[in-house]
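Enquirer: What follows is a predicted protein model with its sequence.
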Amino acid sequence: MNSPNHRLDALRGGVAPVDHNARTIAALAGNPGCDRRAVLDAAGIHKQSIAVHLGHPAPFGQSPFALDRARAFEELVKADGCAHLVRLLRETLGLSVPEVAYTDIADVGGNTAHQLRHTRTLAELRRAAEDGERSGTLFDHPLLKLPVAGHEVYLEPSVIAFQIRGRFHIVEIKSFAVIDGTADSGQVAAASRLSAVYVYALKALFRAEGIDPDRVSHEVVLVCPKDFANHPTATLLDVRQQLASLNRQLSRLTRIDRILDHLPPELTFSLEQSPAELARAIRTVEARYAPECLSACEMAYFCRADARVCGSVDVLGRATRDELGGLESIDAVLDLTAGDRLTSPEQAEIADQLRYVRAVYREHASAGAEAVA
Amino acid sequence: MELDALEARITELRGEIRLAKAGGDDDAKVRRLRAELRTAERAWDDALDRGSEPDDAPPLLPIREQVHQALTLLGAPSASRVIVAVNDAFFAGRVAATQLTSLRRDEERSFRSSPYARPYYLCAALTAELLSPARGLLAISTWPVAVRIIGPLSPRTDFLTSAIRVAEHMTRLTGAGGSASSGAYRLLTRMARNIPGAVEGFGRADPARVVGAANAELVVHQENDRRDRHAAAERATTRLDEVTRLFGAGLRSASAS
């Protein structure tokens, strides 16, 4: 009765779990220190409806124009038997001329059932891995499977697993522009987090099949429009760092029982309770809010409101919080700066620094006031 | 009719303006008449433009004939986007991609109700492995089965074949004293960009050079592709009935036969 899965089912309150996708898995890696997110995700709880129930709905969703644009660009890259992609891979990775084989796994004989497509993906990749370069270069619409917190999650990448000289790469097609060789860093970071999920899933799949997982390259081919035209260009992205943090986060999810042990046994996040009760239940699990959460987590507005009420230093951002190591609330920081508070020995260093900053600030402020006068 | 009435009105207004000027009427009246004249002239312009637009006229060829024409030029199973582009560049250009979505289903229905009643059908290309209909591709029923099979290398060979056919057609047009449209050159250049050695920089592609470059790459793939295609074609002719041979077998029927 006390197995983690039972506990998680109880937390969810008898509702069916929400499926993960690459986006949510990538978001997991974004804030590894947050227990609240870890528990809610592991239990497969629909965070959006919880946030709505608590009165802090997150204005999430993708613009239909952006989706359309992404689809159109992907179609362009994949048109004519991936003609653009073949050219790009020949240029960037030195793909040889005979390697153009293209296999589409979007359906199996007109049947789009996930299980079938996954089996086909497995069979195709296994054959490609064993036969070497002769069979299969590009695989379109592969369907990967990844166990997340005890649940099997199907990942449906619109990407292509592709092999060259026995190594498999993930190709990620994104519609943001690369202008003069540089792209928006936020977009690139999001893309590399997303592709890291696919690389991770592909590695897991290889390991399960008894193939050396190192044959999956940690370099992802990112295809984007070049400059202001719609002409695709390709760059290699190293996703080792994202892979590492994803790895840590996912292994943490499977060790969720450690967090569950600290929670009261009758705790539930069922939507049938009143918002106040639910908020109390949610607050028993510790969150680690950071301003970056606003673009990645549905609970962000609730956590931010909480952090503001407590005067927590989290709302100032990660960099500031780390600088103020050991100090929890903004009031404590101010008291320490003004010298209104006794410093414990471990706070001596940070207190010195804060007082120094205060002295510099006052000097500056009074100099400014004199200049004005 | 509308034009006649407007012309009459314009002449009438011109006369009135001249009279008003000659009669020394006040400026306000002349200005009002002039404004009215300009409105009438603009309406006349609009009516003239509307009359010359051919939109209302029904296309000379039915959609399936136009698709057939484009596919015959391309010589390989093609996606609707390519068919529309070829139709635009060389033919009437009256086909929209949305008109092609239900075409294959309509053709299948027609074939099932009275087989071989038409000289040709627009049918599916078949995947080499399962002989199921390949997604989004259209083909012609009179082609040999092997041409309609899509193996792993076929998307590339078909792309190269299509580029060669388009380039050859343009050479034919210019050789016969005509000239290919700028749309045709745009299409060829777009295809040539993705064929190694077919075009340099951002200039216009030269048909003869495209044929040479595409053939050079085609030679590399052709043998393997032909082997895959013939093996699958043999399976298709022995195992499939006449409807599924044209329109593809679903997963169940392929494994059952």
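Expert: Cool, the structure landed. Residues are numbered from 1 along each chain as shown, chains lettered A, B, ... in the order given.
Enquirer: got the CA positions of the helix or strand harbouring residue A:334 in CSV?
Expert: Under the criterion of DSSP states H and E, residue A:334 resides in helix A:330-338. The C-alpha atoms that make up helix A:330-338 are tabulated as CSV, following Å, rounded to 0.1, in the frame of the first residue of the first chain:
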residue,chain,number,x,y,z
ILE,A,330,14.7,40.0,2.1
ASP,A,331,13.9,41.4,5.6
ALA,A,332,16.8,39.4,7.1
VAL,A,333,19.2,40.8,4.5
LEU,A,334,18.1,44.4,5.2
ASP,A,335,18.3,43.9,9.0
LEU,A,336,21.8,42.4,8.6
THR,A,337,22.9,45.3,6.4
ALA,A,338,21.6,47.9,8.8
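Enquirer: so what secondary structure elements neighbour that helix?
Expert: helix A:348-372 (3 or more C-beta pairs under 8 Å, 6 or more residues apart in numbering or on different chains; DSSP states H and E). In short, each C-beta sits where N, CA and C put it, glycine included.
Enquirer: Distance check, residue A:250 against residue A:41.
Expert: For residue A:250, the distance to residue A:41 equals 10 Å [C-beta to C-beta, to the nearest Å].
Enquirer: Overlap of the contact sets of the two?
Expert: Taking C-beta atoms under 8 Å, 6 or more residues apart in numbering or on different chains as the criterion, residue A:250 and residue A:41 both touch residue A:28.
Enquirer: For the closest residue to chain B within the stretch 251-373 of chain A, report the pLDDT, please.
Expert: Nearest residue of the stretch 251-373 of chain A to chain B (C-beta to the nearest C-beta) works out as residue A:296 at 34.1 Å. We have a pLDDT of 77 for residue A:296.
Enquirer: likewise residue B:235?
Expert: 90.
Enquirer: so who does it touch?
Expert: With C-beta under 8 Å, 6+ apart, residue B:235 has these contacts: residue B:131.
Enquirer: just to confirm, which helix or strand has it in it?
Expert: helix B:207-239.
Enquirer: Residue 166 - how many residues pack around it?
Expert: In the absence of a named chain, chain A is used. Counted with other C-beta atoms under 10 Å in any protein chain shown, residues neighbouring residue A:166 total 11.
Enquirer: wrong chain, I was asking about chain B
Expert: By other C-beta under 10 Å, 28 other residues sit near residue B:166.
Enquirer: do you know how far the nearest residue in space to it that is not next to it in sequence is from chain A?
Expert: Counting by C-beta to C-beta, 6 or more residues apart in numbering or on different chains, residue B:188 is the residue found nearest to residue B:166 once chain neighbours are left out, at 5.6 Å. Relative to chain A, residue B:188 is positioned 13 Å away (C-beta to the nearest C-beta, to the nearest Å).
Enquirer: Could you verify my assumption that residue B:188 touches residue B:164?
Expert: No. Here residue B:188 does not reach residue B:164: they are 10.4 Å apart, not a contact under C-beta atoms under 8 Å.
Enquirer: Could you tell me which residues touch both of these two?
Expert: Counting by C-beta under 8 Å, 6+ apart, the residues touching both residue B:188 and residue B:164 are residue B:210.
Enquirer: so where's the stretch 51-200 of chain B uncertain?
Expert: B:51-59 (pLDDT under 70).
Enquirer: same thing but at 80, please
Expert: Within the stretch 51-200 of chain B, the ranges that satisfy pLDDT under 80 run B:51-60, B:92-94, B:176-180.
Enquirer: The residue of it found nearest chain A: helix or strand, and which one exactly?
Expert: Among the residues of the stretch 51-200 of chain B, residue B:155 lies closest to chain A, at 2.5 Å counting by C-beta to the nearest C-beta. When elements are assigned from DSSP H and E, residue B:155 belongs to helix B:154-175.
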